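[1] predicted structure and sequence below. I'll ask about it afterward.
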Amino acid sequence: MEEVADGAEDLRLGQRVRVRVRGHQPWGLAVEIVGHEGIGASIDYDDIAGPDRGKPRPDDFPIGAEIEAVIRRRLSDRAPRRWYYLMIP
């Protein structure tokens, strides 16, 4: 596996992180982890405060907004880009 120098070595599952909303997708939010902009990250709608909340409106998370999230799962640890699934508790 090729080593990726992107600062992800200090990211841990369950860690709270600050993220910036980059876009809305049919499945959820495309986000970037503040301070780790080279790492891919996303939040499925089901992982925003539980399934009882329902699908949020785009106004709930405007593009460019910064919000708190928690690292839920690491999807990819390979070059060219690491990817993390996040959740909003």
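    Right, received. Where do you want to start?
[2] which residues in the chain form strands?
    Shown for the chain, the strands assigned by DSSP state E span residues 16-24, 28-33, 36-48, 66-76, 83-88.
[3] quick one: Gly14 from Tyr45, how far?
    Note on Gly14: its distance to Tyr45, by C-beta to C-beta, to the nearest Å, is 21 Å. To be clear about C-beta, it is placed using only N, CA and C from the backbone, and glycine gets the same treatment.
[4] among the strands of the chain, which is nearest Arg57?
    Nearest of the strands of the chain to Arg57, taken as C-beta to C-beta: strand 16-24 at 9.6 Å.
[5] distance between that closest one and the chain's centre?
    With C-alpha atoms, centre = their mean, to the nearest Å as the basis, strand 16-24 stands 6 Å off its chain's centre.
[6] could you check the angle it makes with strand 83-88?
    Angle of strand 16-24 versus strand 83-88, following axes from the mean of the first three to the mean of the last three C-alpha atoms, to 10 degrees, is 100 degrees.
[7] name the helices or strands packed onto strand 16-24?
    strand 28-33, strand 36-48, strand 66-76 (3 or more C-beta pairs under 8 Å, 6 or more residues apart in numbering; DSSP states H and E).
[8] try it again at 6 Å.
    strand 28-33, strand 66-76 (3 or more C-beta pairs under 6 Å, 6 or more residues apart in numbering; DSSP states H and E).
[9] dump these into CSV; add mean pLDDT as well.
    CSV is the format used below for the helices and strands packed on strand 16-24 (pLDDT from 0 to 100):
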stretch, mean pLDDT
strand 28-33, 95
strand 66-76, 91
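[10] could you measure from the spatially closest residue to Pro58 that is not a sequence neighbour over to Pro56?
    Leaving aside its chain neighbours, Pro58 sits nearest to His24 (5.2 Å; criterion: C-beta to C-beta, 6 or more residues apart in numbering). Going from His24 to Pro56 by C-beta to C-beta gives 9 Å.
[11] over to Ile63?
    Taking C-beta to C-beta, one finds Ile63 at 13 Å from Pro56.
[12] more neighbours, these two?
    Legend: neighbour count by other C-beta atoms under 10 Å for Ile63 and Pro56, higher for Pro56 (16 against 12).
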